[in-house]
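[1] how does the following fold in three dimensions:
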Amino acid sequence: MAADVIITLKIMPEGLEINLEKLSNDCAKKIESFGGKIAKTEEVPIAFGLKAIVFKFFIDEAKGWAEENEEELASIKGVNSVNVEEVRRAVG
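    From the prediction side, this is the model:
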């Protein structure tokens, strides 16, 4: 039986003018298309009014998380960068 992993992903927008709600929705749809189940989404202040979008989601360990998934997320209009902050096995 495969376990789930919990991934924390930080998405940096291209700038202050980016609509974070739309960007968050676009990224969430893409994460779900990879088989991810989003547990939490939050906007985190970075500096000078710029905010990052942080996703915590579950994905089947057997599917894993590949660099190609990050590249697809990075190709979404308005995304500057994608960074995996944490990957850990779900317990329980």
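[2] looking at the protein, which helix or strand is least sure?
    Sorting the helices and strands of the chain by mean pLDDT, DSSP states H and E puts helix 67-74 at the bottom, at a mean of 91.
[3] which is the next helix or strand following that helix?
    Next helix or strand after helix 67-74 toward the C-terminus (DSSP states H and E): strand 79-89.
[4] distance from that following strand to the middle of the chain?
    Centre-to-centre, strand 79-89 and its host chain are 6 Å apart (CA atoms, centre = their mean, to the nearest Å).
[5] so what touches stretch 83-92?
    3-10, 12, 54, 58, 61, 65, 70 (CB atoms under 8 Å, 6 or more residues apart in numbering). For the C-beta atoms, the positions are set from N, CA and C on the backbone; glycine is no exception.
[6] returning to that earlier point: quick one: the least confident helix or strand of the chain to chain centroid distance?
    10 Å.
[7] let's see it as CSV, backbone CA atoms only.
    Output in CSV follows, covering the C-alpha atoms of helix 67-74 (Å, rounded to 0.1, in the frame of the first residue of the first chain):
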residue,chain,number,x,y,z
GLU,A,67,10.9,18.3,-11.9
GLU,A,68,8.5,18.3,-15.0
ASN,A,69,5.6,19.2,-12.6
GLU,A,70,7.6,22.2,-11.4
GLU,A,71,8.4,23.3,-14.9
GLU,A,72,4.7,23.1,-15.9
LEU,A,73,3.8,25.2,-12.9
ALA,A,74,6.5,27.7,-13.7
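[8] what comes up buried for it?
    In terms of neighbour count (16 or more other CB atoms under 10 Å), helix 67-74 has its buried residues at 69, 73.
[9] just stretch 26-35 next, same as before
    Taking 16+ other CB under 10 Å as the criterion, stretch 26-35 shows 26, 27, 28, 30, 31, 34 as buried.
[10] quick one: low-confidence ranges for the protein?
    Filtered on pLDDT under 70, the chain yields the residue ranges 1, 92.
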